[in-house]
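>>> Predicted model follows, preceded by the sequence.
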Amino acid sequence: MTAAPVRAAGAVIVAAHGHVHRCPACGGALAGREEALACAGCGAAWPLEGGIARFASARSAGNGPPGFDASYFDLLARVEDEQFWFVGRRAVILDGLRRFVPDLSARPLYDVGCGPGGLLAYLAAHGVPIAGACDAHMEGLVLARRRLDVPLAHVDNDGPPPLARGQKMLGMFDVLEHIDDDEGTLRWAADVLEPGGIFVATVPARLIDDFDLVLAGQLVAVAATFALAAATTFTLGLRRYTSGSVWTRA
């Protein structure tokens with residue numbers, strides 16, 4: 001069953017952009033109407049398409065994180081409410097948020113790298129407030145707009161998104177491994193979060209040795225050969241992590 005979308009008036013979405021986003025050119029405050037956001041500082045204008053702010057520059061438009069094939073977004077949107085890996089993953093994320101964020105209802109989540117929005121729609125349907133989201137692929141954002149009426153932004157893939165400081169909670173779900181400078185990204189997250197703000201992420205695990213890799217490969221091959229092949233085709237990142245390497249970077 002598809003998660004119910006969040007509903008809000010278009011004017012509310014436009015106004016909400018000013019709360020979560022800043023001008024990519026100068027960092028100034030943004031305000032606007034249905035068709036564009038304007039910077040109060042430098043006067044730059046950023047088009048809005050269906051409530052999606054087009055912040056991405058011409059040089060990166062249409063390009064996304066390394067190793068990700070955007071042509072699979074449509075397939076992803078069709079299967080993520082039913083396929084076991086996505087269903088289990090979203091349940092684990094929701095459980096973690098409920099366990100470790102006691103004031104969850106007061107911490108709107110901004111998702112960096114939202115894709116087609118399936119995870120956010122699920123979290124929203126289960127009571128998690130959503131502040132907004134961004135992605136380097138317009139294809140994913142168009143699909144996310146069908147599920148979510150929150151501020152969405154199309155952003156460059158070679159730097160952090162233009163977020164306002166004071167975010168209460170940031171999410172990066174299977175995104176960090178696609179970014180060249182993952183340590184710099186974590187420093188950026190700490191900078192835009194409010195004091196005591198929460199950063200939540202999921203990353204692919206690096207198996208300890210060749211024996212573990214062979215064993216895991218055999219088990220996965222038996223359980224879901226097609227799912228593994230499809231996932232590695234369109235979501236292959238730059239690295240994997242151990243718990244120690246994540247803490248070292250943070």
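Looks like it arrived, so ask away.
>>> element containing residue 121?
Using DSSP states H and E, residue 121 sits in helix 118-125.
>>> Mind checking the pLDDT average for the longest strand seen in the chain?
Counting by DSSP state E, the longest strand found in the chain is strand 193-202. The average pLDDT within strand 193-202 is 93.
>>> Which strands or helices does that strand pack on?
Helices and strands touching strand 193-202, by 3 or more CB pairs under 8 Å, 6 or more residues apart in numbering; DSSP states H and E, are helix 84-100, strand 167-173, helix 182-192. Heads up, the C-betas are built off the backbone N, CA and C, glycines and all.
>>> got the phi/psi numbers for the residue nearest to residue 194 when sequence neighbours are not counted?
Spatially, and ignoring its direct neighbours in sequence, residue 194 is nearest to residue 166 (4.7 Å; CB to CB, 6 or more residues apart in numbering). Here is the backbone geometry of residue 166 (degrees, to the nearest 10): phi 100, psi 20.
>>> How many residues are close by residue 166?
By other CB atoms under 10 Å, 12 other residues sit near residue 166.
>>> and it, what does it touch?
Neighbour list for residue 166: 192-194 [criterion: CB atoms under 8 Å, 6 or more residues apart in numbering].
>>> any idea how far residue 169 is from residue 87?
In this view, residue 169 and residue 87 are 23 Å apart by CB to CB, to the nearest Å.
>>> ditto for residue 27
From residue 27 to residue 87 the distance is 39 Å (CB to CB).
>>> phi, psi of the nearest residue to residue 127 once chain neighbours are set aside?
Among residues not flanking residue 127 along the chain, residue 105 sits closest, at 6.7 Å (CB to CB, 6+ apart). Per-residue torsions, residue 105: phi -70, psi -20 (degrees, to the nearest 10).
>>> Test my guess that residue 202 contacts residue 89.
Yes. Residue 202 lies in contact with residue 89 (CB atoms under 8 Å); the separation is 7.2 Å.
>>> Please, where are all the strands along the chain?
Using DSSP E, strands in the chain cover 30-33, 36-39, 45-49, 52-54, 109-112, 130-135, 152-154, 167-173, 193-202.
>>> which stretch among the ones you listed comes nearest residue 121?
Shortest distance between residue 121 and the strands of the chain, using CB to CB, is found for strand 130-135: 8.8 Å.
>>> on that earlier part again, have a look at residue 169 and residue 87 and say which one is more surrounded.
With neighbours defined as other CB under 10 Å, residue 169 and residue 87 compare such that residue 169 has more, 24 against 14.
>>> hang on, the earlier thing: pLDDT of the helix holding residue 121, averaged?
pLDDT averaged over helix 118-125 gives 96.
>>> got a list of contacts for that helix?
In contact with helix 118-125 (CB under 8 Å, 6+ apart) are residues 2-6, 76-77, 80-81, 86, 89-90, 93-94, 97, 109, 111, 114, 130, 133, 144, 147-148, 150, 173.
>>> List just the one of the strands of the chain that sits closest to residue 71.
Closest among these, using CB to CB: strand 130-135, at 14.7 Å.
>>> How far does the closest one sit from its chain's centre?
The chain centre lies 7 Å from the centre of strand 130-135; the measure is CA atoms, centre = their mean, to the nearest Å.
>>> strands paired with it, and their directions?
strand 109-112 (parallel), strand 152-154 (parallel) (DSSP bridges).
>>> Out of the ones you listed, which is the most enclosed?
Between the strands paired with strand 130-135, strand 152-154 has the highest mean count of neighbours, a mean of 28, where neighbours are mean count of other CB atoms under 10 Å.
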